[in-house]
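# Build me a structure from this.
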Amino acid sequence: MRILITNDDGIDAAGIKKLAEIAVNISEEVYIVAPAGQRSAVSHSITVGRALQVRRVSFPVAVKAAYSCSGMPADCVKVAVQAMLEKKPDVVISGINNGHNMGYDSVYSGTVAAAREAVFQGIKGIAVSTWREHYALVDRYLEELLRDAIDREILPHEIWNINFPACGLEEYRGVRETVPAAYPRYKDVYQVSCVSENEWEYALVDEEYDKAGEHTDFYAVEHNYISVGTIECSVLRGMQRSGGNG
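Numbering: from 1, shown residues only. Next up is the predicted model:
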């Protein structure tokens with residue numbers, strides 16, 4: 001079992017260290033290729049028109065090798081699979097993100113995009129997120145969930161998406177299999193202020209939707225369940241339905 005780890009919070013983030021600590025219990029072949037710095041909300045951006053700068057770095061967990069990359073999360077997966085690693089990884093795990101990736105918000109996520117890129121490369125992709133470095137449930141349950149996700153059969157155009165609630169072991173209610181909510185966590189409400197006669201500032205204001213359906217990822221996490229579900233990579237699904245690229 002060969003595991004590639006990446007994220008969108010950067011090579012020095014607490015979440016990727018936590019993920020590596022758990023991954024080395026699953027496999028003796030764990031590699032890290034992660035962005036050199038913060039890349040949140042970049043979605044599936046990739047670097048074009050200039051070379052990626054990749055540097056081998058020391059890492060606090062005993063993985064096979066760790067590298068920082070100047071590019072985006074999707075770049076990290078692409079360059080690792082296509083050019084850096086001698087053998088293709090069996091699974092790509094992206095995270096642990098410092099914030100949830102649920103509902104329509106997952107479209108913007110660099111964390112989810114890295115797992116999606118894995119699927120584009122013919123590799124199982126798993127995205128893992130929690131809220132503001134709440135790791136009590138991660139420490140207790142993530143290894144078990146990852147082992148299950150790695151072994152579980154899913155459709156070739158899907159990724160696994162795991163989100164942990166911001167609660168302790170006492171409040172935890174279990175694992176719930178969910179579907180992504182069909183809307184973002186917050187409404188797009190802007191506050192506008194006038195800077196000058198010809199210039200304005202528009203600032204997003206956090207205004208939550210009132211209700212999430214019981215089958216959704218939002219509902220599960222709000223009610224102290226770990227949300228586990230799949231996200232469809234619609235481009236691949238369309239190609240499979242049409243029988244290929246033609």
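
# what about Ala51, neighbour count?
8 (other Cβ atoms under 10 Å). Yep, even glycine has a C-beta here, placed from its N, CA and C like the rest.

# how near is it to Val57?
To Val57, Ala51 is 18 Å away according to Cβ to Cβ, to the nearest Å.

# Point to the helix or strand of this protein where mean pLDDT is at its lowest.
When the helices and strands of the chain are scored by mean pLDDT, DSSP states H and E, helix 234-242 comes last with a mean of 49.

# Ala113 and Gly229, how far apart?
17 Å.

# For the residue of the chain most remote from its centre, report the pLDDT, please.
In terms of distance from the mean C-alpha position of the chain, Glu197 ranks first, at 41.7 Å (Cα atoms, centre = their mean). pLDDT recorded at Glu197 is 90.

# between Ala113 and Gly229, which one's more packed in?
Ala113 (31 against 20).

# what about the more buried one, helix or strand, and which?
Assigned by DSSP states H and E, Ala113 belongs to helix 110-120.

# helices or strands up against that helix?
Judged by 3 or more Cβ pairs under 8 Å, 6 or more residues apart in numbering; DSSP states H and E, the packing partners of helix 110-120 are helix 73-79, strand 91-98, strand 124-130, strand 158-163.

# out of the ones you listed, nearest to Val63?
Nearest to Val63, of all the helices and strands packed on helix 110-120, is strand 91-98, at 12.0 Å by Cβ to Cβ.

# For the closest one, C-alpha coordinates in CSV please.
The C-alpha atoms that make up strand 91-98 are tabulated as CSV, following Å, rounded to 0.1, in the frame of the first residue of the first chain:
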residue,chain,number,x,y,z
VAL,A,91,-4.4,6.2,-2.7
VAL,A,92,-4.1,10.0,-2.3
ILE,A,93,-5.3,11.4,1.0
SER,A,94,-5.8,15.2,1.2
GLY,A,95,-6.0,17.1,4.5
ILE,A,96,-6.5,17.3,7.3
ASN,A,97,-8.1,20.6,6.3
ASN,A,98,-8.5,23.3,8.9
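
# Quickly run through the sheet partners of it, with directions.
Paired neighbours of strand 91-98 in the sheet (DSSP bridges): strand 2-6 (parallel), strand 124-130 (parallel).

# buried sites along the first one?
Think strand 2-6. 2-6 (16 or more other Cβ atoms under 10 Å).

# Other residues contacting that strand?
Applying Cβ atoms under 8 Å, 6 or more residues apart in numbering, the contact partners of strand 2-6 are 16, 19-20, 23, 26-27, 29-35, 63, 73, 76-77, 80-81, 85, 87-94, 114, 118, 123.

# From those residues, list just the buried residues.
For these, buried by 16+ other Cβ under 10 Å: 16, 19-20, 23, 26-27, 29-35, 63, 73, 76-77, 80-81, 85, 89, 91-94, 114, 118, 123.

# how about the helices of the chain, start to end?
Under the criterion DSSP state H, the chain contains helices at 14-23, 73-79, 110-120, 136-151, 217-222, 234-242.

# Give me the contact list for the shortest one.
Think helix 217-222. Contacts for helix 217-222 (Cβ under 8 Å, 6+ apart): 100, 102-103, 131, 161, 163-166, 176, 178-181, 185, 209, 212-213, 226-227, 229.

# which residue is nearest the middle of the chain?
Geometric centre of the chain, nearest residue: Thr111, 2.8 Å, by Cα atoms, centre = their mean.
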